[in-house]
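In: return a 3D structure for these sequence lines:
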Amino acid sequence: MRLALNEEWAVGARIGDGGFGSVFEAENIAGEKAAVKLVPKAPGAEREMLFTDLDGVRNVVPVIDSGEREDQWVLVMPRAEKSLRDHLQEHGRLPLNEVVAVLSDVAEALADLKDREVVHRDLKPENILLLGGRWCVADFGIARYAEATTAQRTFKLAGTFAYMAPERWNNQRATSASDIYALGILAYELLQGTPPFTGPYEYDYQDQHLHGVAPPLTTAPPLLAALITECLFRAPQGRPAPGNVLARLGQISAAPLSGGLAALAQANQGAVARQAEDDRLASEHATEAGRRRILFEAATTSFSFIADAFLTTLTTAAPSAEVRRGNQGGWTVRINDAQLTLSGPKETDPKDWPTLTRNPAPFDVIASATLSLKTRANYHGYEGRSHSLWYADAQTEGQYQWFETAFMNSALRHVTGTTEPFTRDPHRESLAAVSREMAMFQVAWPFTPLVLGCLDEFISRWADWLARAATGQLAHPSRMPERDPHDSWRR
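Out: Numbering: from 1, shown residues only. The predicted model follows:
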């Protein structure tokens, strides 16, 4: 068969199926090899033709020619070496460095697709092809622009059951977070050799994704295990954004864990398992209470990884320090007269931080914790500082993570405290500080994301303050605020 599109193509043997169509080998007049996909003109199939131009998107299989013939749409793509599914069948479980390389290639594609507001919705090994030495995303048969709402057929439950996010099973709108969930499933499969949920029937998959617990990862280092755990959070808002995933994958390949941090792997497995069991019992209904409960579970899981990494780094540097464990993953480290305390997370009462009122808070806060440093008062009466840790969508709506911030007295109060800056729970006073109004308190530290694998500056800064406090050198900040908090949160 010959096809006359922008170029003329000789179509050969069938080499597979993809999405809504069949794929054949092809060759143009110049002898260049390609793959031709023929998509029957069924209702909704034309949506794949929307994605023939994705110039500038990294690691996406390009469409080099397209058109139509009789009752079929036609897409011509470069001939890939193999699919990731073929690669897995050939090699089985992949080594860590190769897993990180595959996931990084796909995360790059998802980051660029998110910028284009494109959601793939069927990410799986069959749709990831090796092309030019990179693993590239292909087959946009059920992809959609994130804001599209009027297509005649939305294919909400189309896709591959093993990789479908919980919100898809609840017939909710797919977003970039749905692709991140599929990436988490894919990562699990690359490491373990099988997806976490295996059906075999549709209703089995639905129950497993909505209520099941992924078996513990036995082959992943703690940073990667934490990342995969977050990708598989049931609450879409709790999953990391593609760019965040990409950055953290870079940390895994650049700085493998060793020593004390490596020893956390076993302890973290137990913490994750407990949180996963709580997650299994949580309601999946789209009520506000259910949404907040699921997000709080995501917050506590993320917090446990941050708290453990922080404590391990401190005690590695100061093994003689006195350590006391607190509630909900919190702890206290004491050296001489200096005491650094991290409280466990507590859930924010929506009555204290309302987002559904006529004058709502500028962003949502799900949980909070306190990080405080206390020492013997110096001759000015200064005793230390404390910062707030909030699990919120403070910078990007619907994208939740832990942030560090702190507060100070405004000029209205004419007060100098013994602790500056200081912490505030998400409440009316701190709400006024982040709103566009005169308030008794101001933000004294920019809202700074806390990302596992990228905590060096955060930990080093607090370690330095702790060292100063332990040697009697901690002093009141020379200026307030110390760092410009302007535009570090959305209003």
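
In: run through the residues that contact the closest residue to Tyr181 other than its chain neighbours.
Out: With CB to CB, 6 or more residues apart in numbering as the criterion, Tyr181 has its nearest non-adjacent residue at 3.7 Å, and that residue is Ala165. Where you see a C-beta, it was placed from the backbone N, CA and C, and this is true even at glycine. Shown in contact with Ala165 (CB atoms under 8 Å, 6 or more residues apart in numbering): 174, 177-178, 181-182, 209, 236.

In: kindly provide the distance from Ala165 to Ser176.
Out: According to CB to CB, to the nearest Å, Ala165 and Ser176 sit 11 Å apart.

In: same question, Gln395
Out: 16 Å.

In: just the helices in the stretch 1-150 of the chain please.
Out: Secondary structure of the stretch 1-150 of the chain by DSSP state H, counting those that start in this stretch: the helices cover 84-91, 96-115.

In: pick the most deeply packed of those.
Out: Counting by mean count of other CB atoms under 10 Å, helix 96-115 has the highest mean neighbour count of the helices of the stretch 1-150 of the chain, with a mean of 21.

In: okay, and Pro446 sits in which element?
Out: Using DSSP states H and E, Pro446 sits within strand 441-449.

In: C-terminal to that strand, what's the next element?
Out: helix 456-470.

In: by how many degrees do that next one and strand 441-449 diverge?
Out: 130 degrees (axes from the mean of the first three to the mean of the last three CA atoms, to 10 degrees).

In: could the helices of the stretch 1-150 of the chain be laid out in CSV, adding mean pLDDT and distance to Glu7?
Out: As requested, the helices of the stretch 1-150 of the chain are exported to CSV (pLDDT from 0 to 100; distance: least, CB to CB, whole Å):
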stretch, mean pLDDT, distance to Glu7
helix 84-91, 94, 27
helix 96-115, 95, 26
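
In: any regions of the stretch 301-450 of the chain where pLDDT drops low?
Out: For the stretch 301-450 of the chain, the stretches flagged by pLDDT under 70 are 413-415.

In: okay, strands next: where are they in it?
Out: Listed in chain order, the strands of the stretch 301-450 of the chain (DSSP state E, counting those that start in this stretch) span 322-325, 331-335, 338-342, 346-347, 365-374, 384-392, 401-409, 441-449.

In: what's the answer for the stretch 51-200 of the chain, then?
Out: Going by DSSP E, counting those that start in this stretch, the stretch 51-200 of the chain shows strands at 65-69, 72-78, 82-83, 118-119, 128-131, 134-137, 144-145.

In: list the residues that contact Arg325.
Out: Trp331.

In: ok, so what distance separates it from Val333?
Out: 11 Å.

In: next one: Phe458
Out: Following CB to CB, the distance that separates Phe458 from Val333 is 15 Å.

In: of these two, give the one with the bigger neighbour count.
Out: Val333 (23 against 19; other CB atoms under 10 Å).

In: and Asp207, which of the three is it?
Out: Put simply, Asp207 is helix when judged by DSSP: H, G, I helix; E, B strand; the rest coil.

In: kindly apply the preceding question to Leu295 instead.
Out: helix.

In: and it, what is it in contact with?
Out: Listed by CB under 8 Å, 6+ apart, the contact partners of Leu295 are 235, 237-238, 366, 391, 400.

In: JSON lines please, covering those residues and showing neighbour count and distance to Thr194.
Out: JSON lines is the format used below for these (neighbours: other CB atoms under 10 Å; distance: CB to CB, whole Å):
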{"residue": "Ala235", "neighbour count": "24", "distance to Thr194": "25"}
{"residue": "Gln237", "neighbour count": "20", "distance to Thr194": "28"}
{"residue": "Gly238", "neighbour count": "26", "distance to Thr194": "25"}
{"residue": "Ile366", "neighbour count": "28", "distance to Thr194": "33"}
{"residue": "Tyr391", "neighbour count": "28", "distance to Thr194": "32"}
{"residue": "Tyr400", "neighbour count": "27", "distance to Thr194": "30"}
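
In: thinking again about what came up before, more neighbours, Gln395 and Ser176?
Out: Ser176 (21 against 16).

In: that one against Gly243, yeah?
Out: No - Ser176 is not in contact with Gly243 according to CB atoms under 8 Å; the separation is 10.3 Å.

In: quick check: neighbours shared by those two?
Out: Lys114.

In: domain parsing for the chain?
Out: Following the assignment in automatic domain parsing, the chain carries domains at 2-78, 82-281, 305-470.
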